[in-house]
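> Predicted coordinates and the sequence they were generated for:
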Amino acid sequence: MKKKSVSTKGKAVKSASKKLGFGLSSRAKRSRPQPINYMLSAVAANPGLISLAAGLVDYETLPTEHIAELVGEVMKTPKSSQLAMQYGSTEGLTQLRQALLEHLASLDDVAVDHWKADAGNIVVTNGSQQLLFILADVLVDPGDIVITAWPSYFVYTCVLESLGANVRCLEMDENGILPDSLEALLTDLEQAGQLPKVKIVYVTSYHQNPTGITLSADRRERMLEIVKKFSKHHRILLIEDAAYRELTFEGQAPPSIKKYDRDNKYVALLQTFSKPFAPGFKTGYGLLPSDLVEAVLNQKGNQDFGSANLCQHMLYAAISKGLYHKHVDVLRKNYKKKAHAMLDALNKHLGDFFPGKTHWTIPLGGLYVYLKLPKNIDTGVKGKLFKKALAEGVMYVPGEFCYGPDPARKIPNNMMRLTFGVAGIKEIQEGVARLAKAIKAVAAGK
Ligand SMILES: Cc1ncc(COP(=O)(O)O)c(C=O)c1O
């Protein structure tokens, strides 16, 4: 009798523990898997698949030949080796931050004292992604409003959702975000008494992910002026994500929005070594308004109290020995060729496919082309085309991933992001041919 009661109790505990979940935080519950995870695993599971999806950079032009030299430079003396192998500081290596400030000034063709800023305003992070996260974390409470483009960089949208932000989106044309749409939205929000909730305006100002579109020079200062005009309850932060800035391969890159923020009060300019050098360093950086630096460093201190010091020493060596700039030139030439291969292939295979209803962007740099198909062709992950394309051996990013959850807008399902980043020229040509075959089959009802 006694024995039976013990075993029943054991069973009860066992079945309750099966159902018992952890007490996840509300932030964890709001977080969802990044779409990119799904795509990376689909590539791994399908050898032979041509990925025009994942935003990886070109393998062939990774700076592998410089790595030994950079390690050699860092390890030149026992003292320099020890310094690089020790913990660094939360804000990042001092000489690297000074070099980055000079680098940003030279990209904008201004003197290093152009901004009310010094190396103390530069923060080095684990990729620019960490800084995007921390900036949102220090400014956004659940229910606060963050304004992004429509479409926008989907990893950042996931961050905003996890923080409980209310995402509102801005119209774009082939010259980037329409400043009038920012002004109109902020006016509406003010009239609705919501302006105090607006914390961030997020702009990918060069060769945007996912569209490849660059915000034209004439719109840049105006964006800043609008943000200033509506900074009535607190300053609204304009995050200028310039991850692809240095990969400009056609014409002259316009000045940054940050260039116009000489008092260094409204714009956080974020850049990275991932795209113009190597994502393996996973090192990014930002030029921040002075009164944001402390809040950002407090959070970064909680997360890691400093990014990988060895990487920072190597990157400083790359900049100071001129290898970084040389390498960026190599990348620009390479991506220009690959972008042209993609655009030529699109012309060849889809040039006469429903003209007027089919359209793709012409990037002046970066890694992406955005393709719009006739409205009846569903590019979504559950649609016919995505499966057909996988069966043909090619993958793209469905446009549906790239739109924030703006209650005022309906997500289009006939767009896709293509990248010429990771595939070689022959693969790009073959990938577009396969994609066009799948698109034509779906259009023909097959
Ligand atoms: C627009 C944009 N910003 C930021 C990032 C983050 O890159 P990382 O953290 O490697 O610097 C990416 C990566 O793809 C991106 O596309």
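Cool, the structure landed. Numbers count the residues shown, from 1 in each chain.

> burial of the closest residue to the ligand within the chain, as a residue count?
In the chain, the residue that lies nearest the ligand is G127 (2.3 Å; Cβ to the nearest ligand atom). From N, CA and C alone the C-beta is placed, and that goes for glycine too. When neighbours are defined as other Cβ atoms under 10 Å, G127 has 20 of them.

> just checking, what packs against the longest helix that the chain contains?
When the chain is parsed with DSSP state H, its longest helix is helix 323-350. Where contact means 3 or more Cβ pairs under 8 Å, 6 or more residues apart in numbering; DSSP states H and E, helix 323-350 is packed against helix 64-74, helix 309-320, strand 359-360, strand 368-372, helix 425-443.

> Dump those to a markdown table, plus mean neighbour count, distance to the ligand and mean pLDDT.
Compiled in a markdown table, those are given as follows (neighbours: other Cβ atoms under 10 Å; distance: least, Cβ to the nearest ligand atom, whole Å; pLDDT from 0 to 100):
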| stretch | mean neighbour count | distance to the ligand | mean pLDDT |
| --- | --- | --- | --- |
| helix 64-74 | 15 | 18 | 94 |
| helix 309-320 | 22 | 12 | 98 |
| strand 359-360 | 16 | 19 | 98 |
| strand 368-372 | 23 | 9 | 98 |
| helix 425-443 | 20 | 19 | 97 |
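
> With distance to A42 added, can I get the ones you listed in CSV?
Listed next are those as CSV, based on distance: least, Cβ to Cβ, whole Å:
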stretch, distance to A42
helix 64-74, 27
helix 309-320, 29
strand 359-360, 23
strand 368-372, 19
helix 425-443, 14
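
> can you tell me which of those comes nearest to K300?
Ranking the helices and strands packed on helix 323-350 by their distance to K300 (criterion: Cβ to Cβ) puts helix 309-320 first, at 13.7 Å.

> excluding its backbone neighbours, what's nearest the residue most central in space within the chain?
Among the residues of the chain, the one closest to the centroid is Y153, at 5.2 Å (Cα atoms, centre = their mean). Nearest residue to Y153, sequence neighbours excluded (Cβ to Cβ, 6 or more residues apart in numbering): N209, at 4.6 Å.

> Let me see the mean pLDDT of the longest helix of the chain.
Averaging pLDDT along helix 323-350 gives 97.

> What about the residue nearest to Y153, how many residues nearby?
26.

> contacting residues around the nearest residue to G176 once chain neighbours are set aside?
Distance criterion Cβ to Cβ, 6+ apart; nearest residue to G176, sequence neighbours excluded, is L215 at 3.3 Å. Neighbouring residues of L215 by Cβ atoms under 8 Å, 6 or more residues apart in numbering: N175, G176, I177, V203, S205, Y206, Q208, M223, P254, I257.

> now, which of these lie within helices?
Using DSSP H, the members of the contacts of L215 that fall in helices are M223.

> how near is I36 to C169?
Look at I36 and C169: by Cβ to Cβ, to the nearest Å, they are 20 Å apart.

> near the ligand, which residues of this protein?
Within the chain, the positions adjacent to the ligand are 55, 127-129, 153, 204, 209, 241, 243, 272, 274, 279, 282, 284 by Cβ under 6 Å from any ligand atom.

> Just flag the most distant two among those.
Greatest spatial distance in these: T204 and K282, 18.9 Å, computed using Cβ to Cβ.

> Skipping adjacent residues, who's closest to L343 in space?
Once flanking residues are discounted, L343 sits nearest to I362: 6.5 Å by Cβ to Cβ, 6+ apart.

> Am I right that that neighbour is in contact with H340?
No: look at I362 against H340 with Cβ atoms under 8 Å: they stay out of range, at 10.1 Å.

> These two: who's more crowded?
Of the pair I362 and H340, H340 is the one with more neighbours under other Cβ under 10 Å, namely 15 against 12.

> looking at the helices and strands packed on helix 323-350, which is closest to Q191?
Checking those against Q191 by Cβ to Cβ gives strand 368-372 as the closest, at 32.7 Å.

> Could you tell me the angle between that closest one and helix 425-443?
Relative orientation of strand 368-372 versus helix 425-443 (axes from the mean of the first three to the mean of the last three Cα atoms, to 10 degrees): 20 degrees.

> residues of the next helix or strand along the chain from strand 368-372 that come out buried?
Downstream of strand 368-372, the next assigned helix or strand under DSSP states H and E is helix 384-392. For helix 384-392, a neighbour-count test (16 or more other Cβ atoms under 10 Å) marks K384, L385, F386, K388, A389, L390, E392 as buried.

> Give the pairing partners of the helix or strand following helix 384-392; include direction for each.
Remark: after helix 384-392, the chain's next helix or strand is strand 394-395, criterion DSSP H and E. Take DSSP bridges as the rule and strand 394-395 pairs in its sheet with strand 50-51 (parallel).

> Assess the claim that P405 and E161 are in contact.
Yes: in terms of Cβ under 8 Å, P405 counts as a neighbour of E161; the distance is 6.7 Å.

> any common contacting residues for these two?
Counting by Cβ under 8 Å, 6+ apart, the residues touching both P405 and E161 are V167.

> Who has more neighbours out of those two?
Comparing P405 with E161 by other Cβ under 10 Å, the one with more neighbours is E161, at 17 against 14.
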